[in-house]
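*Asks:* Quick one: sequence and predicted model below, then my questions.
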Amino acid sequence: LFIAFNILQRRAVLLHSSLKVKKAYFEKFATNFVAIPEDALARVCARVADSGFVRAEDADERRVLKLMQEVQLVTSAVPGSSAARIKMRNEIRALMLTKGMPNFFVTINPADVYNPVVRLLAGEDIDVDNILPEQPFNYWTQSLLVARNPVVAAQFFDTYMRAFIK
């Protein structure tokens, strides 16, 4: 699952990433960007890929690093990126302003085929206080018990919901 998400995220980075420069600096940035030799850009990129931190060795590399500081990567369409999280937060804030504070909903799923309380309600003699997770549990037997005793399943649901509400 993580590998599939990683592949999808890399694809989104390649398709939806863009660079952003302040409008006041755009012409100067474009002029400086065109003037940088390709080999200086390649050297800086290779060192960034290797170590993540680069110190300029000549004037061209200093210009590359300066341009890198002036550019911001825009990745708001890339799932999982920090820009995408900021975008989602801003959307939530906008919804709160227009629609009001959010309501809180809880979905409860009292699975009667997994809970030993059902066996207790069905009349089995079990010690509820000393049930250990290591004790064997037969899913098929519990399913048959619930299917044959729907009243027990309803009692379990009622007990479970009352305990949750309190």
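*Replies:* That came through fine.
*Asks:* From now on I want contacts and neighbour counts done on CA atoms only, so please keep to that.
*Replies:* OK.
*Asks:* Name the next helix or strand downstream of the helix or strand bottoming out on mean pLDDT in the chain, please.
*Replies:* Lowest mean confidence among the helices and strands of the chain (mean pLDDT, DSSP states H and E): strand 72-74, at a mean of 62. Counting by DSSP states H and E, the element after strand 72-74 in chain order, helix or strand, is helix 82-99.
*Asks:* Stretch 12-31: which residues count as buried?
*Replies:* Within stretch 12-31, the residues scored as buried using 16 or more other CA atoms under 10 Å are 13, 29.
*Asks:* Nearest residue to the spatially most central residue of the chain in space, please, no chain neighbours.
*Replies:* Residue closest to the mean C-alpha point of the chain, counted by CA atoms, centre = their mean, is Gly80 at 6.1 Å. Spatial nearest neighbour of Gly80, chain neighbours left out: Gln9 (7.7 Å); criterion: CA to CA, 6 or more residues apart in numbering.
*Asks:* and if you look at Pro37?
*Replies:* Asp60 (7.3 Å).
*Asks:* What are the contacting residues of whichever strand or helix holds that neighbour?
*Replies:* Following DSSP H and E, one finds Asp60 within helix 59-70. Helix 59-70 is contacted by residues 21, 29, 32-33, 36-37, 40-41, 44, 56 when judged by CA atoms under 8 Å, 6 or more residues apart in numbering.
*Asks:* now do 6 Å
*Replies:* By CA atoms under 6 Å, 6 or more residues apart in numbering, the residues outside helix 59-70 that reach it are 40, 56.
*Asks:* any weak-confidence spans in this protein?
*Replies:* 16-18, 53, 72-76, 128, 132-137 (pLDDT under 70).
*Asks:* what about the helices in it?
*Replies:* For the chain, the helices defined by DSSP state H cover 2-16, 26-35, 38-51, 59-70, 82-99, 116-121, 139-148, 150-165.
*Asks:* The fourth one vs helix 38-51, what angle?
*Replies:* Counting by axes from the mean of the first three to the mean of the last three CA atoms, to 10 degrees, helix 59-70 points 60 degrees away from the direction of helix 38-51.
*Asks:* same check, this time on the first one
*Replies:* Angle, helix 2-16 to helix 38-51, by the same axes, to 10 degrees: 160 degrees.
*Asks:* same question, the last one
*Replies:* Computed by the same axes, to 10 degrees, the angle separating helix 150-165 from helix 38-51 equals 110 degrees.
*Asks:* Next, the buried residues of helix 150-165.
*Replies:* Neighbour counts over helix 150-165 (16+ other CA under 10 Å) mark 152-153, 156-157, 160 as buried.
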